[in-house]
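S.K.: Predicted model and sequence below, questions to follow.
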There are 2 protein chains.
Amino acid sequence: MSEKTISKAVIKRLPRYYRYLGELRLQGVKRISSGELSDQMQVTASQIRQDLNNFGGFGQQGYGYNVSFLFDEIGKILGVDTRKNIIVMGAGNMGQALTKYTNFRSYGFDIIGIFDVDPNLVGRQVNGIYIQELRDVKMFVESHHVDIAVLAVPKEAANTTAEHLVELGIKAFWNFAYTDLQLGPDVVVENVHLLDSLLSLSYGIKNHSNQNPVL
Amino acid sequence: MSEKTISKAVIKRLPRYYRYLGELRLQGVKRISSGELSDQMQVTASQIRQDLNNFGGFGQQGYGYNVSFLFDEIGKILGVDTRKNIIVMGAGNMGQALTKYTNFRSYGFDIIGIFDVDPNLVGRQVNGIYIQELRDVKMFVESHHVDIAVLAVPKEAANTTAEHLVELGIKAFWNFAYTDLQLGPDVVVENVHLLDSLLSLSYGIKNHSNQNPVL
DNA sequence: TAGATTGTTAATCGATTAACAATC
DNA sequence: TAGATTGTTAATCGATTAACAATC
């Protein structure tokens, strides 16, 4: 790789820029300066310029940034320009809720399969998608292009499930199971540990000074 | 406040310590050194000791940390020692899934109410709790002690809903709506922006070097 | 051109890691 | 006591902010 690696902190901020720019675009705003965006987003203008310049000079001196152009560029950086196929492992509360949540589709993410071990669930439909037997996932992955697997299985099953999918060639996991996956270095994992989030809120209740939300 | 404020980075790591210690305790492990915990958690021993010492000397030289004691102490810091009542605003996919997710209860969080504007949902039960009219939330909050409100409403409704609840005295929000709430400084907000999480995973797919998951 | 605002370097700040004296 | 390991200070590293020259 020739490009310098981008820090995790920067990457975590990109979706938020993307969201604000998307809203500005919808409002018909054509251009924006780092100063104006700074006011709206409550981050420093300096940070905005630094962050964006990790990926290239998207602005123009004396003018600012073209909202629509910058929105598209950040979209490309985030990979929203190519659609992604997703399978959901586990058709419990969370698996079903995520499958029903249609908004991901408008950002290029298509849920194309959902799997569970429970025979009572298999055959039911969630958002027009039939729940399939977990054992059929191999056949499914071999006959469909799958970019991302959502892990919405019990934590005891999470790592085994993921390892199985890694063998089938899946390299990206959106992990809702409350455990840290042990997978190879070429596998990408994004954890959503809801209890961690709730616990840090709980901490904040006791210590509610003027701390800002973690964005 | 006399105590020095703890950095957000430290707070975000506490639930993970809590989880590992809880598992060690279940496994019957009585004591652990920062070095051993470091191996398991893949963080430096130095960081573990620094983090814990923000809150007090929980260990003992030459011995390490008593697992059960440390678990309880971190639990207290996170506020798990006092039960919290939660209401869920919005009985859509996410609101229902969170209400059904019974595991929060074992950490001291009780969901005691769920509200929606949709008359088709009102009166139905979710996990034994009747969905109530949104307009009845005032009466409910005035007659029940509510610590936390979950915002699982559409993003357009999130800020208004939250402001209303702030007037009723609620000071902590677990926000699943895809927007940044504008609330007063004495209100605590913890955001769960799932799309942000998915987008950063999407970024990682393109750039899957040996980056570790964001824990 | 003059004014505005970026891109980028330099300075500051904070967080992580290393080291080691204290002490169990 | 000797060995182990913490608590804590000092050193390093990285991220954020400030400043300003480049330039539209």
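M.R.: Thanks, I have it.

S.K.: For the closest residue to A:K138 other than its chain neighbours, list the residues it contacts.
M.R.: Leaving aside its chain neighbours, A:K138 sits nearest to A:L168 (6.1 Å; criterion: C-beta to C-beta, 6 or more residues apart in numbering or on different chains). No exception for glycine: its C-beta is placed from N, CA and C like everyone else's. If a contact means C-beta atoms under 8 Å, 6 or more residues apart in numbering or on different chains, then A:L168 has A:V137, A:K138, A:V141, A:E142 as its contacts.

S.K.: Check the burial of the third one by counting its neighbours.
M.R.: Read it as A:V141. Residues near A:V141, counting by other C-beta atoms under 10 Å in any protein chain shown, number 19.

S.K.: for chain A, what are the low-confidence residue spans?
M.R.: Applying pLDDT under 70 to chain A flags residues A:1-3, A:209-215.

S.K.: Name the single longest helix found in it.
M.R.: Using DSSP state H, we find that the single longest helix of chain A is helix A:8-26.

S.K.: quick one: strands adjacent to the strand or helix carrying A:E190?
M.R.: Using DSSP states H and E, the element containing A:E190 is strand A:188-191. When pairs are called by DSSP bridges, strand A:188-191 turns out to pair with strand A:172-175 (parallel).

S.K.: what's the strand it pairs with in contact with?
M.R.: Residues contacting strand A:172-175 (C-beta under 8 Å, 6+ apart): A:86, A:147-151, A:158, A:162, A:165, A:181, A:183, A:187-192, B:197-198, B:201, B:204-205, B:208, B:213.

S.K.: again, only using 7 Å
M.R.: Contact with strand A:172-175 is made by A:147-151, A:158, A:162, A:181, A:187-192, B:198, B:201, B:204-205, as judged by C-beta atoms under 7 Å, 6 or more residues apart in numbering or on different chains.

S.K.: Can you select the buried ones among the contacts of A:L168 for me in PyMOL?
M.R.: Buried members of the contacts of A:L168, identified by 16 or more other C-beta atoms under 10 Å in any protein chain shown, are gathered into one PyMOL selection as follows:
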select buried, chain A and resi 137+141
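
S.K.: As a check, name the ranges of all strands in chain A.
M.R.: Remark: strands assigned in chain A by DSSP state E are A:31-32, A:59-60, A:64-66, A:84-89, A:109-116, A:125-126, A:129-133, A:148-151, A:172-175, A:188-191.

S.K.: Could you check how far A:S46 is from A:V117?
M.R.: A:S46 sits at a distance of 51 Å from A:V117 (criterion: C-beta to C-beta, to the nearest Å).

S.K.: who's more crowded, these two?
M.R.: Neighbours were counted for A:S46 and for A:V117 using other C-beta under 10 Å; A:V117 has more, 16 against 10.

S.K.: got a list of what the more buried one touches?
M.R.: A:L134.

S.K.: for A:D116, same thing?
M.R.: Counting by C-beta under 7 Å, 6+ apart, A:D116 touches A:G90, A:A91, A:V122, A:I131, A:L134.

S.K.: Name the nearest of the residues you listed relative to B:R31.
M.R.: A:G90 (35.6 Å; C-beta to C-beta).

S.K.: Endpoints of stretch A:39-51, how far apart?
M.R.: Using C-alpha to C-alpha, to the nearest Å, the end-to-end distance of stretch A:39-51 comes to 16 Å.

S.K.: Tell me how far that stretch lies from the chain's centre.
M.R.: Here the centre of stretch A:39-51 is set off from its chain's centre by 22 Å, with C-alpha atoms, centre = their mean, to the nearest Å.

S.K.: What residues sit buried inside that stretch?
M.R.: For stretch A:39-51, by 16+ other C-beta under 10 Å, it's A:M41, A:V43, A:I48, A:R49, A:D51.

S.K.: Other residues contacting that stretch?
M.R.: Contacts to stretch A:39-51, defined as C-beta under 7 Å, 6+ apart, come from residues A:V10, A:R13, A:R16, A:Y20, A:S34, A:G35, A:L37, A:S38.
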